[in-house]
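Visitor: Below is the sequence, then the predicted model.
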Amino acid sequence: MIPYGRQSISEEDIAAVEAVLRSEWITQGPAIGAFERGLAAYCGLQGGGGVAVANATAALHIAMLALGVAPGDVVWTSPNTFIASANCALYCGAEVDFVDTDPDTYNLCARKLAEKLEQASAAGRLPKVVIPVHFAGQSCDMRAIAALAQQYGFRVVEDASHAVGAEYDGGKVGDCRFSDIAIFSFHPVKILTTAEGGMLMARDPALYRRLQLLRSHGMTREAGELEKHDEGGWYYEQIDLGYNYRITDLQAALGLSQLGRLDLFLERRRALAARYDTLLAELPVIRPRQAAYGVSAFHLYPIQVDPARRRAVFDSLRSQGIGVNVHYIPVYTQPYYRKLGFRAGLCPNAEQYYAGAISLPMFYGMTEAEQDEVVAAVRKALA
């Protein structure tokens, strides 16, 4: 079976993890800070810093908490995403709503956002936070979204789980030029892995510090944050209600080692995407389109087929040993969200995309022979 995604683990990665296992620190040690600083520098983040956590879902949760999301607030996001992008608002007791996608990029559409904001402003129900999701590795139009944030007064959290290494408007995704926080995921099928893990990027030093506290029980030993002083070297205080969302030194060491190969990962994914574009050009599929404002990291390569035939094509590909998948079922169509009152028809573009979507295999170690096998299987499935 050729999987839709697969991690790439080198001997250097194994050696980095082994070195931590042989050290004095395997949980909270120096590799975490090194990984945070390394990725922040790679992204060109000025001020603030990176906060590594157990997974991207934890990152989304504390991002909402750090921005003050609470009961009575509403958070907007894209329906074309994994459920965590919406669930994070519900964890805080807030409501969630969805903005339809752009039919070309499958990302949250800035034009649809502007229309929805105008209506919400008239109704006195503007969002506290908007979470644009960089689907498949391609950035949303963040400059346009940031302009709307300034006009309407909401905060912006980029769900960049798919987009580590992606580029937007001359910079790297994660530099937070157009957002308050950006979030990455390091799950094994993602571009860079720590086995499980995530990271938040924040430019504002106060917001960065709040995220650090929320990651680790709201607990501090910093002298400037303590109410009592000179209590002894053992002393700490809880100054916020935080969580145990910490990553380990083992995971951070793997991530830091992988970071050294991130540009190689990206180069290979982009070459595979370009080759897919050529090989699929004459087949009756819609290939993913790329906006002129950035460069995708190509976490996924999603095509669309005739919705009436999608199930048959999917089953045929699986039966031929091609581990295709579908990304994503619109979040609000899930049973839990239907119980909250959501109904089909809310975001027609997202629903139309989903009806024909199939994600083809895309990973660093994929060979051209394997890619040829995938395309041959697609041709057979469509015939």
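Guide: Nice, I can see it. Numbers count the residues shown, from 1 in each chain.
Visitor: what's the pLDDT at the residue nearest the centre of the chain?
Guide: By C-alpha atoms, centre = their mean, the mean C-alpha position of the chain lies nearest to residue 161, the distance being 1.5 Å. Model confidence at residue 161, expressed as pLDDT, equals 98.
Visitor: Test my guess that it contacts residue 88.
Guide: No. When contacts are counted by C-beta atoms under 8 Å, residue 161 is not listed as touching residue 88 (11.9 Å). Placement of C-beta: from N, CA and C, glycine included.
Visitor: Which stretches in the stretch 151-300 of the chain count as helices?
Guide: Using DSSP state H, counting those that start in this stretch, the helices found in the stretch 151-300 of the chain span residues 205-215, 249-259, 262-279.
Visitor: Redo the ones you listed as CSV? Include mean pLDDT and distance to residue 144.
Guide: As requested, the helices of the stretch 151-300 of the chain are exported to CSV (pLDDT from 0 to 100; distance: least, C-beta to C-beta, whole Å):
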stretch, mean pLDDT, distance to residue 144
helix 205-215, 98, 23
helix 249-259, 98, 30
helix 262-279, 98, 24
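Visitor: per the record, what domains does the chain have?
Guide: 2-259, 262-382 (automatic domain parsing).
Visitor: and among the helices of the stretch 151-300 of the chain, the most buried is which?
Guide: Sort the helices of the stretch 151-300 of the chain by mean neighbour count, taking mean count of other C-beta atoms under 10 Å, and helix 249-259 sits at the top with a mean of 24.
Visitor: Quick one: list the elements packing against that helix.
Guide: Applying 3 or more C-beta pairs under 8 Å, 6 or more residues apart in numbering; DSSP states H and E, we find helix 249-259 packed against helix 11-21, helix 30-43.
Visitor: Nearest to residue 349 among those would be which one?
Guide: The closest approach between residue 349 and any of the helices and strands packed on helix 249-259, judged by C-beta to C-beta, belongs to helix 30-43 at 29.5 Å.
Visitor: Tell me how many other residues crowd the residue nearest to residue 301 when sequence neighbours are not counted.
Guide: Counting by C-beta to C-beta, 6 or more residues apart in numbering, the nearest residue to residue 301 once its immediate chain neighbours are dropped is residue 362, at 4.4 Å. The number of residues packed near residue 362 is 26, by other C-beta atoms under 10 Å.
Visitor: now swap in residue 46 and tell me
Guide: 10.
Visitor: residues touching it, list them.
Guide: Listed by C-beta atoms under 8 Å, 6 or more residues apart in numbering, the contact set of residue 46 reads 175, 203.
Visitor: any idea how far it lies from residue 173?
Guide: Distance, residue 46 to residue 173, using C-beta to C-beta, to the nearest Å: 15 Å.
Visitor: And residue 102, by the same measure?
Guide: Taking C-beta to C-beta, one finds residue 102 at 17 Å from residue 173.
Visitor: circling back: mean neighbour count, the domains of the chain: which tops it?
Guide: domain 2-259 comes out most buried of the domains of the chain by mean count of other C-beta under 10 Å, with a mean of 20.
Visitor: so who does the residue nearest to residue 301 touch?
Guide: Residue 362 neighbours (C-beta under 8 Å, 6+ apart): 4-5, 269, 272-273, 298-301.
Visitor: any idea which of those residues is closest to residue 80?
Guide: residue 300 (11.2 Å).
Visitor: pretty sure that closest one contacts residue 324?
Guide: No. Counting by C-beta under 8 Å, residue 324 is not a contact partner of residue 300; they are 10.8 Å apart.
Visitor: before we move on, back to that, which residues are in contact with the residue nearest to the centre of the chain?
Guide: 56, 82, 133-134, 183-185, 190, 198.
Visitor: all helices for the stretch 1-150 of the chain, in order.
Guide: Going by DSSP H, counting those that start in this stretch, the stretch 1-150 of the chain shows helices at 11-21, 30-43, 56-66, 84-91, 110-123, 142-152.
Visitor: check contacts around the residue lying closest to residue 20 once chain neighbours are set aside.
Guide: Spatially, and ignoring its direct neighbours in sequence, residue 20 is nearest to residue 253 (4.6 Å; C-beta to C-beta, 6+ apart). When contacts are counted by C-beta under 8 Å, 6+ apart, residue 253 is found next to 16-17, 19-20, 31, 35.
Visitor: do residue 85 as well
Guide: So residue 85 contacts 60, 77-78, 131, 133, 159, 331 (C-beta under 8 Å, 6+ apart).
Visitor: what separates it from residue 44, distance-wise?
Guide: Between residue 85 and residue 44 the computed distance is 24 Å (C-beta to C-beta).
Visitor: same deal with residue 33?
Guide: 19 Å.
Visitor: Pretty sure residue 152 sits against residue 125.
Guide: No. Residue 152 lies out of contact with residue 125 (C-beta under 8 Å); the separation is 11.4 Å.
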